[in-house]
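>>> everything below, folded, please.
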Amino acid sequence: MVRIGGLASGMDIDTLVGDLMKAERIPLNKLHQKKQLMEWQRDDYRTMNKLLADLDELIKNGLYRSSTFTKKIVTTSDESAVSVRSISATSNMNSSLQVHTLAEAANMTSNGSVVTNLEGFDPNKTLDSQRGLFSQPFSDTQITIQSIGKDGKLGVMTPIPIDPSVDSLNTVIDKINNSNAGVIAFFDSVTGKFSISAKNTGDIIGDAEIHLGGDFLTSALKMDDNNQLAVDAGNIPPRGKAGVNADFTINGLRTTRSSNIFVINGFEYTLKKTTASSVKVSSATDEETVFKSVKEFVDKYNETISKISSEVKEERYRKYQPLTDEDREGMTEKQAELWDEKAKSGMLRGDSILIGALNKMRSDLGGTFGVPGIDGINDNYDQLADIGIKTSSNYRDGGKLIIDDNKLREAIKNDPNAIYQLFNNNGAGDSQGLVLRLRSTIENTVKNIEARAGNVFRTNSQFTLGRNLNNIDKQINRFENRLIKVEDRYWRQFTAMEKAIYKANEQSAQLMSQFSGM
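Model (predicted):
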């Protein structure tokens, strides 16, 4: 449509239509403001979910882990001989340990040089190309190896294929070392000898620790069928060595292990050298770790409920609506910032989900956590007050927790396992520990908020506010289409007026021309 902008009338039609459209856009602006408020509310909900998720994560990695309460500080009188660390110990220990013999791995070597000409032999060339240089022939295309496992027992037989037209001595060695056979092999280019040693230490009583099969090993590489034969042959120097078990006395009991690293009662011992006398080993609960975890939980809990409380109590300034682009253009940056602060305030004021969560979290902290004597709860530590944690008596604190550091440290020193049970007792109702109650409340709250405000992985159609936003977008689109038609109508009306005025002016000019010629 051709738009005539005031050529005949002299009026500023653009401005007139623009002013008229401003009035027409008022409902559209309200829709945009409503959409903005919903987006702010959605974002505030998600901020609260992030806050709750952070609290849950801290609980999961702290108070929820038994290792937090069982962490030990272990000391030994001779770290160079025996070192100890807690793996899964739940109680402390005080031991003495004397090391008589360290565990050693079995090994075996070839009966002399495996090749007739060391200078001419290339371990990187194919076995077929070097076949004439081996001292003894071979025909098998598979070797087998069986060795002692980590448990001190003979492992499974491991087959290893070889292709003389492709494999070299070094590629065969790589296959052996990278297999599950549990041995390490190498070729010494100086002596021309081949060697195999077990990866795991220990002595298999009544059997060898390494078994070999295939004539490439037992013929071409001059190896015995097993390391026991290599030891029993009486060669000087010997061609093999039997595995040795660690032999030690702990708390008066002499015993053995196949490895120098072993676990007793949740403590991992590492034997490093033999000792002429006993090494003293003791453990104590890492009280500082427990104290720190409890304190971090209390601080995070207080921070969480404080932020949620301030959110549901935040003042809502209804006269401060979201700014339109035109409104923002008429303000300084600071003025717009202050306005936005007021407009965003109170998006979750009085929210039922968050208020319900606060009430439930506070109730989760109250009462006892388990039935003493039945649930494994220590009746001296069956509520938070028993370990020095209580709710602030000042109602303005909104249920914040206060710690009596000395009382908490004393409880940790007396019975850290009882504190773990207080937090994590796996019961139902009143028998459920604090952590389980609180995590359940957090989980339910997060689900309820996500049903209303979604998360970054959900589309708008999957949560309430998102569906409302979709509906507003549809209303906005419909209204914008309507405004296009309204603006076109105004222009048609003004254009018609301009044409009429132009025609009237033209007729008037013609009359004046006729009158002037008389």
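
>>> same for the longest helix seen in the chain, what does it pack against?
Longest helix of the chain, by residue count under DSSP state H: helix 464-516. Here helix 464-516 touches helix 13-61, helix 434-453, going by 3 or more C-beta pairs under 8 Å, 6 or more residues apart in numbering; DSSP states H and E. Yep, even glycine has a C-beta here, placed from its N, CA and C like the rest.

>>> tell me what angle that helix forms with helix 434-453.
Angle, helix 464-516 to helix 434-453, by axes from the mean of the first three to the mean of the last three C-alpha atoms, to 10 degrees: 20 degrees.

>>> what's the most buried one of the helices and strands packed on helix 464-516?
The highest mean neighbour count among the helices and strands packed on helix 464-516, using mean count of other C-beta atoms under 10 Å, belongs to helix 434-453: a mean of 19.

>>> check which helices and strands that helix is in contact with.
helix 13-61, helix 352-365, helix 416-424, helix 464-516.

>>> and these, which one is worst for confidence?
Here the helices and strands packed on helix 434-453 differ in mean pLDDT, and the lowest is helix 464-516 at a mean of 82.

>>> from the chain's centre, how far out does it sit?
Chain-centre distance of helix 464-516: 61 Å, with C-alpha atoms, centre = their mean, to the nearest Å.

>>> quick one: it to helix 13-61, angle?
170 degrees.

>>> quickly list what residue 73 is bridged to.
residue 284 (DSSP bridges).

>>> so how far is residue 255 from the residue nearest the centre of the chain?
Nearest to the geometric centre of the chain sits residue 57, at 9.5 Å (C-alpha atoms, centre = their mean). Separation of residue 57 from residue 255 (C-beta to C-beta, to the nearest Å) stands at 43 Å.

>>> related to what we said a few turns ago, quick one: closest of the helices and strands packed on helix 434-453 to residue 213.
Between residue 213 and these, the shortest gap by C-beta to C-beta is with helix 13-61, which sits at 50.2 Å.

>>> following the closest one, which helix or strand comes up?
As assigned by DSSP states H and E, the chain's next helix or strand after helix 13-61 is helix 66-70.

>>> which helices and strands sit right next to that next one?
helix 287-313, helix 416-424.

>>> deepest of the ones you listed, which one?
helix 416-424 (a mean of 22).

>>> before we move on, the earlier item: so can I have JSON lines of the helices and strands packed on helix 434-453 showing distance to residue 435?
Putting these into JSON lines (distance: least, C-beta to C-beta, whole Å) gives the following:
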{"stretch": "helix 13-61", "distance to residue 435": "6"}
{"stretch": "helix 352-365", "distance to residue 435": "10"}
{"stretch": "helix 416-424", "distance to residue 435": "4"}
{"stretch": "helix 464-516", "distance to residue 435": "31"}
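
>>> where does this structure have low pLDDT?
Along the chain, segments meeting pLDDT under 70 span 1-11, 233-236, 369-379, 428-430, 516-518.

>>> can you pull the buried residues of stretch 137-155?
Buried residues in stretch 137-155, counted by 16 or more other C-beta atoms under 10 Å: 138, 140, 143, 145, 146, 147, 148, 149, 152, 154, 155.

>>> and the gap between the residue lying closest to the last one once chain neighbours are set aside and residue 180?
In this structure, residue 155 finds its nearest non-sequential neighbour in residue 149, 4.1 Å apart by C-beta to C-beta, 6 or more residues apart in numbering. As judged by C-beta to C-beta, residue 149 and residue 180 stand 10 Å apart.

>>> what residues are shared contacts of those two?
The overlap between the contact sets of residue 149 and residue 180 (C-beta atoms under 8 Å, 6 or more residues apart in numbering) consists of residue 155.

>>> what helix or strand is residue 328 on?
Residue 328 belongs to helix 325-329, assigned by DSSP H and E.

>>> pull the CA atoms of the helix or strand that that helix is followed by into PDB?
Downstream of helix 325-329, the first helix or strand assigned by DSSP H and E is helix 333-344. The C-alpha coordinates for helix 333-344 follow below in PDB (Å, rounded to 0.1, in the frame of the first residue of the first chain):
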ATOM      1  CA  GLU A 333      22.000   3.300  33.200                       C
ATOM      2  CA  LYS A 334      22.000   3.700  37.000                       C
ATOM      3  CA  GLN A 335      18.300   4.500  37.100                       C
ATOM      4  CA  ALA A 336      17.500   1.500  35.000                       C
ATOM      5  CA  GLU A 337      19.600  -0.700  37.200                       C
ATOM      6  CA  LEU A 338      17.800   0.500  40.400                       C
ATOM      7  CA  TRP A 339      14.400   0.000  38.700                       C
ATOM      8  CA  ASP A 340      15.300  -3.500  37.600                       C
ATOM      9  CA  GLU A 341      16.300  -4.300  41.200                       C
ATOM     10  CA  LYS A 342      12.900  -3.300  42.400                       C
ATOM     11  CA  ALA A 343      11.100  -5.000  39.600                       C
ATOM     12  CA  LYS A 344      12.800  -8.300  40.200                       C
END
